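Q: Need coordinates for the below:
(2 chains)
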Amino acid sequence: NAGVTQTPKFQVLKTGQSMTLQCAQDMNHEYMSWYRQDPGMGLRLIHYSVGAGITDQGEVPNGYNVSRSTTEDFPLRLLSAAPSQTSVYFCASTKRGTDTQYFGPGTRLTVL
Amino acid sequence: GNSVTQMEGPVTLSEEAFLTINCTYTATGYPSLFWYVQYPGEGLQLLLKATKADDKGSNKGFEATYRKETTSFHLEKGSVQVSDSAVYFCALIRTQGGSEKLVFGKGTKLTVNP
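A: Just a heads-up that it's a prediction; the model follows:
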């Protein structure tokens, strides 16, 4: 199993550009989440999904969209990037009925 | 609401020193408690967990005991190694919208020098 994979590893955007951060898991986990990690802030939940076709907002959803068309994939879209979205983004998955989250390696995003 | 407070870092120790990273929580009921570790350039991975009061989680020489009376879950290791250098996150589970969410502390960076 590859576990949770994320692409790209690094990305630089200009203000106003759009992009999609990819996340995939091959463990057949029902739950998937996106977090952002900022210095001194820990991890904050952006969006999450409890299954294909179901998504909901986390703590800091503004400026981000998600969809969950399959169990495996959970992309995160930035429609119009802002410097405040400079961060490291982590995707995670969890099997329903368990409490351990499995994290991807992260995407480091810089918005100029 | 539910929250986690852990000691501010960074923490710098010499190899074989004793480690304590403090973590306290605020929550309704008795949530499961976790320590996650993030090695340089990697994502987070579960280090240990405890699901009820007085439970002790342990892994790789690290231990933490779920203390209901003091609402604490301090991480300890008797003799740290250079390879333990990482950022450590304390977390709890809360239920929102019918599913469970992790609430993280801000993280404590540990550097172990040879």
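Q: Just give me the neighbour total for the residue lying closest to B:F18 once chain neighbours are set aside.
A: Computed as Cβ to Cβ, 6 or more residues apart in numbering or on different chains, the closest residue to B:F18 that is not its neighbour in sequence is B:G78, at 5.9 Å. For every residue, glycine as well, the C-beta is placed using N, CA and C. As a burial measure, B:G78 scores 11 neighbours (other Cβ atoms under 10 Å in any protein chain shown).
Q: my read: B:G78 touches B:F62, true?
A: No - assessed by Cβ atoms under 8 Å, B:G78 is found out of contact with B:F62, at 9.4 Å.
Q: which strand in chain B runs the most residues?
A: strand B:86-96 (DSSP state E).
Q: Can you list the buried residues in it?
A: Residues of strand B:86-96 classed as buried: B:86-94 (neighbour count, 16 or more other Cβ atoms under 10 Å in any protein chain shown).
Q: what's the answer for stretch A:49-59, then?
A: A:49-50, A:52, A:55, A:58.
Q: can you pull out the strands in chain B?
A: B:3-6, B:11-14, B:19-21, B:23-26, B:33-38, B:44-50, B:56-59, B:62-65, B:75-77, B:86-96, B:99-104, B:108-113.
Q: Check chain A too.
A: A:4-7, A:10-13, A:19-25, A:31-38, A:42-51, A:54-57, A:64-66, A:76-78, A:87-94, A:102-103, A:107-111.
Q: Mind checking the pLDDT average for the third one?
A: So the one you mean is strand A:19-25. What strand A:19-25 shows for mean pLDDT is 97.
Q: do it and chain B meet?
A: No - Strand A:19-25 does not reach chain B (Cβ under 8 Å from any Cβ of the partner chain); its nearest approach is 11.1 Å.
Q: Any chance you could list what contacts that strand?
A: A:3-8, A:11, A:13, A:32, A:34, A:72-78, A:81, A:89, A:91, A:93, A:102, A:104, A:107, A:109 (Cβ atoms under 8 Å, 6 or more residues apart in numbering or on different chains).
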